[in-house]
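Colleague: have a look at this prediction, sequence included:
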Amino acid sequence: MLMKEKMPLTPVTPVPAEPAAIAAGAHRKESSTAEVKSGSESARSERAEPLVDVSNQVNIEDSWAEKIDPAREPKMSANGVSVFYGSKQALKDVSIRIYDDLVTAFIGPSGCGKSTFLRCLNRMNDTIPSAKVNGRIELDGEDINASEMDVVQLRARVGMVFQKPNPFPKSIFENVAYGPRIHGLAQSKAELEQIVEKSLKRAGLWEEVKDRLAESGTALSGGQQQRLCIARAIAVDPEVILMDEPCSALDPIATAKIEELIHELRGRYAIAIVTHNMQQAARVSQRTAFFHLGELVEYGRTSEIFTNPRERRTTDYITGRYG
Amino acid sequence: MQQASRHTLKAFDEDIERLRALISQMGGLAEHAIGEAMRCLIQRDSAAAEKVIADDKKLDALEVETERRAVQLIALRAPMAGDLRDVVAALKISGVVERIGDYAKNIAKRVPLLESAGKIEPMSLLPEMARIATGMVHDVLDAFVERDSDAAIRVCQRDDAVDDFYDSIFRTLLTHMMENPHNIGQATHLLFVAKNLERVGDHATNIAEMVYYAATGQHMADRPGKSPK
């Protein structure tokens, strides 16, 4: 589309100028992200390597496009999971993998099974007498529904944060200290205090409550209560944190703080979050699973799901054409 | 991904339709401007060329309006998937169409400069070249409105014809200049006209790529079944 090489009678060759200009532009762009603006053009030209990359390759770093090594073991995996409440089937043959350095979001309309599935991951459905779970769910390759699995231990390893903040009617300190104490994670009072401080810091609450640890947890604001619940979940040093609509009772500022917290916690814990807010799923997750009528319709990179979903049902839902 | 059904929120559909209508309107104006500038050039109509130049302001204003509406739509409706790709494409396409309008204006500006000159041969090739280039603009904007990725591919395939015209006109004008240096001024203007038309074809191709991505979510270069170059 640019001038063609077959130019007649032109001793000055305009052709090489074009790719050079393009490549130089690409080079500048790359350097601005990689090495910041410290290197001026003159400092740059002192370097031995050629200024212009003639390989015509543009490397684009996409922070949203983490690749999963296919050989890597997921933190949790579900294979063919179905859930029945009495005779009603709430979840149909769901298989999914959750990785420990990614946030996985479950989205879908009400009644689609996303919360039901989340609750399978730490056997919260055991508490519902009519619920029956089929299929295999593994944590680090172990079957969590096996008879030798201690469900109390399981829930310590797979923590949960609920829609409505539910601190114990005890002091802020006791809310966080309770789990480590009953699981025997602290040998001394000092160690327990350390765990409480570390957990509150990780939950981004320490600065706000450090001078009033003896006050009741229920006296905090909604957003602070939710972060207290996250601190409580973190305190027992879990491997996975499940969040069931953790922000739906919070105002936008408290929501932003929780989202920032999720971002901070990513990498330390595997995180799965159920949300009705698609923007939130888009903001906090790297993988998104869309559920509809008990089926897992589509699972993939969040950036793909929200820009180019493959399934018609996903498209209709995320673009607001559902129902 | 096909998107036949309507949004639950009807105002969303109306906003997107309005954006599409703006792009169509811009395309119509740009296409007309190129055609009219070429007519003025051939018929030595400097008075009408003035109007082509003045009318370019309409395109500029429509581009601003498209940008305003697209930004508003992103802020207020949070479009996703195909909707988002459509809005981003509309934003980009409006900039390109505005540029096509600038080429028309540039051609129109050369009309009075060529008024006194005698006719030289390549003049006869330019209208046909313009016809193909504006046809590409017309069809690619139809493809955008219809979300028709196949039509977008067909538009791209026509760009070679425009490029061939350009090469041919380039060679002919060069010959004229060498034969008679008196022709250099006139021939240079005509060369710029041909170059402008060649750029219009390129821009139509770029729009086709945007339309393809908006409609399919894939880049045209990565499309299935495409023969590697």
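Modeller: Sure, I can see it.
Colleague: is any residue of stretch A:241-260 near chain B?
Modeller: No - residues of stretch A:241-260 are not located near chain B by Cβ under 8 Å from any Cβ of the partner chain, the shortest gap being 14.1 Å. Placement of C-beta: from N, CA and C, glycine included.
Colleague: okay, buried residues for that stretch please.
Modeller: The neighbour-count check on stretch A:241-260 (16 or more other Cβ atoms under 10 Å in any protein chain shown) flags A:241-247, A:249-250, A:254-255, A:257-259 as buried.
Colleague: please name the nearest non-neighbouring residue to the closest residue to chain A within chain B.
Modeller: For chain B and chain A, the shortest gap (Cβ to the nearest Cβ) falls at residue B:217, measuring 3.2 Å. Counting by Cβ to Cβ, 6 or more residues apart in numbering or on different chains, residue A:308 is the residue found nearest to residue B:217 once chain neighbours are left out, at 3.2 Å.
Colleague: what's near enough to touch that neighbour?
Modeller: Residues in contact with residue A:308 (Cβ atoms under 8 Å, 6 or more residues apart in numbering or on different chains) are B:1, B:81, B:85, B:217, B:218.
Colleague: in helices, which of those fall?
Modeller: Counting by DSSP state H, these place B:81, B:85 in helices.
Colleague: quick check: the farthest pair among the contacts of residue A:308?
Modeller: B:81 and B:218 (13.1 Å; Cβ to Cβ).
Colleague: so for the two, which residue has more residues nearby?
Modeller: Legend: neighbour count by other Cβ atoms under 10 Å in any protein chain shown for residue B:81 and residue B:218, higher for residue B:81 (23 against 13).
Colleague: how about residues contacting stretch A:248-257?
Modeller: Contact partners of stretch A:248-257, identified using Cβ under 8 Å, 6+ apart, comprise A:163-165, A:204, A:221-224, A:226-227, A:247, A:258, A:275-277, A:280.
Colleague: and it, how far apart are its ends?
Modeller: Distance across stretch A:248-257, first residue to last, is 13 Å (Cα to Cα, to the nearest Å).
Colleague: circling back: most neighbours among the contacts of stretch A:248-257, which one?
Modeller: For the contacts of stretch A:248-257, neighbours tallied by other Cβ under 10 Å; top is residue A:226, 30 neighbours.
Colleague: hmm, back to that, look up phi and psi at the residue nearest to residue B:217.
Modeller: phi -150, psi 70 (degrees, to the nearest 10).
Colleague: contacts for stretch B:124-131, please.
Modeller: So stretch B:124-131 is contacted by B:34-35, B:38, B:41-42, B:162, B:165-166, B:168-169, B:172, B:190, B:193-194, B:197-198 (Cβ under 8 Å, 6+ apart).
Colleague: report the two of these separated the most.
Modeller: B:35 and B:172 (22.5 Å).
Colleague: circling back to that earlier point, who's in contact with the residue of chain B closest to chain A?
Modeller: For residue B:217, the contact set (Cβ under 8 Å, 6+ apart) comprises A:307, A:308, B:1, B:81, B:82, B:85.
Colleague: same question, residue B:152
Modeller: Residue B:152 makes contact with B:140, B:143, B:208, B:209, B:211, B:212, B:215, B:220, according to Cβ under 8 Å, 6+ apart.
Colleague: let's see it at 6 Å
Modeller: Neighbouring residues of residue B:152 by Cβ atoms under 6 Å, 6 or more residues apart in numbering or on different chains: B:143, B:208, B:211, B:212.
Colleague: go back to those and keep what's next to chain A.
Modeller: By Cβ under 6 Å from any Cβ of the partner chain, no member of the contacts of residue B:152 lies near chain A.
Colleague: which ones among the residues you listed map onto helices?
Modeller: Per DSSP H, the subset of the contacts of residue B:152 in helices is B:143, B:208, B:211, B:212.
Colleague: now the spatially closest residue to residue A:286 that is not a sequence neighbour. Its backbone dihedrals?
Modeller: Distances taken as Cβ to Cβ, 6+ apart place residue A:102 nearest to residue A:286, at 4.4 Å, with adjacent residues excluded. Torsion angles at residue A:102 (phi, psi; degrees, to the nearest 10) stand at phi -130, psi 150.
Colleague: what's the burial count for residue A:102?
Modeller: Residues near residue A:102, counting by other Cβ under 10 Å, number 22.
Colleague: surely it meets residue A:284?
Modeller: No - taking Cβ atoms under 6 Å as the definition, residue A:102 is not a contact partner of residue A:284, at 10.8 Å.
Colleague: re the thing from before, any chance of JSON lines for the ones in helices among the contacts of residue B:152, columns pLDDT?
Modeller: Supplementary listing: those in JSON lines, determined by pLDDT from 0 to 100:
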{"residue": "B:143", "pLDDT": "95"}
{"residue": "B:208", "pLDDT": "97"}
{"residue": "B:211", "pLDDT": "96"}
{"residue": "B:212", "pLDDT": "96"}
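Colleague: pull the most distant pair out of the contacts of residue B:217.
Modeller: Longest span within the contacts of residue B:217, Cβ to Cβ: A:307 and B:1, 10.6 Å.
Colleague: how about the residues of chain B by chain A?
Modeller: So chain B meets chain A at B:1, B:5, B:7, B:8, B:9, B:80, B:81, B:83, B:171, B:202, B:217 (Cβ under 6 Å from any Cβ).
Colleague: now the stretch 201-323 of chain A against chain B: closest residue?
Modeller: For the stretch 201-323 of chain A, Cβ to the nearest Cβ, closest residue to chain B: residue A:308, 3.2 Å.
Colleague: that residue and residue A:259, how far apart?
Modeller: From residue A:308 across to residue A:259, the span is 24 Å (Cβ to Cβ, to the nearest Å).
Colleague: all the helices of the stretch 151-300 of chain A, residue numbers only.
Modeller: A:151-157, A:172-182, A:189-202, A:206-209, A:222-235, A:252-265, A:278-284 (DSSP state H, counting those that start in this stretch).
Colleague: mean pLDDT added to those helices, as CSV?
Modeller: Formatted as CSV, the helices of the stretch 151-300 of chain A follow (pLDDT from 0 to 100):
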stretch, mean pLDDT
helix A:151-157, 93
helix A:172-182, 95
helix A:189-202, 94
helix A:206-209, 94
helix A:222-235, 94
helix A:252-265, 90
helix A:278-284, 92
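Colleague: of these, which stretch is the most buried?
Modeller: Using mean count of other Cβ atoms under 10 Å in any protein chain shown, the stretch among these with the largest mean neighbour count is helix A:222-235, at a mean of 25.
Colleague: for that helix, packing partners?
Modeller: strand A:158-161, helix A:172-182, helix A:189-202 (3 or more Cβ pairs under 6 Å, 6 or more residues apart in numbering or on different chains; DSSP states H and E).
Colleague: how does it look with 8 Å?
Modeller: strand A:158-161, helix A:172-182, helix A:189-202, helix A:206-209, strand A:240-244, helix A:252-265 (3 or more Cβ pairs under 8 Å, 6 or more residues apart in numbering or on different chains; DSSP states H and E).
Colleague: contacts for the fourth one?
Modeller: By that I understand helix A:206-209. Taking Cβ under 8 Å, 6+ apart as the rule, helix A:206-209 contacts A:172, A:197, A:200, A:215, A:220, A:224, A:228.
Colleague: likewise for the third one?
Modeller: The set of residues external to helix A:189-202 that reach it, using Cβ under 8 Å, 6+ apart, is A:172-173, A:176-177, A:180-181, A:185-186, A:206, A:209-210, A:213, A:228, A:231-232, A:234-235, A:264-265, A:268.
Colleague: tell me the angle of that helix relative to helix A:222-235?
Modeller: Counting by axes from the mean of the first three to the mean of the last three Cα atoms, to 10 degrees, helix A:189-202 points 130 degrees away from the direction of helix A:222-235.
Colleague: just how off-centre is helix A:189-202 within its chain?
Modeller: 24 Å (Cα atoms, centre = their mean, to the nearest Å).
Colleague: now residue A:134, what are its backbone angles?
Modeller: Dihedral angles (degrees, to the nearest 10) for residue A:134: phi -110, psi 160.
Colleague: so which helix or strand takes in the closest residue in space to it that isn't next to it in sequence?
Modeller: Nearest residue to residue A:134, sequence neighbours excluded (Cβ to Cβ, 6+ apart): residue A:82, at 4.5 Å. Assessed by DSSP states H and E, residue A:82 sits inside strand A:76-85.
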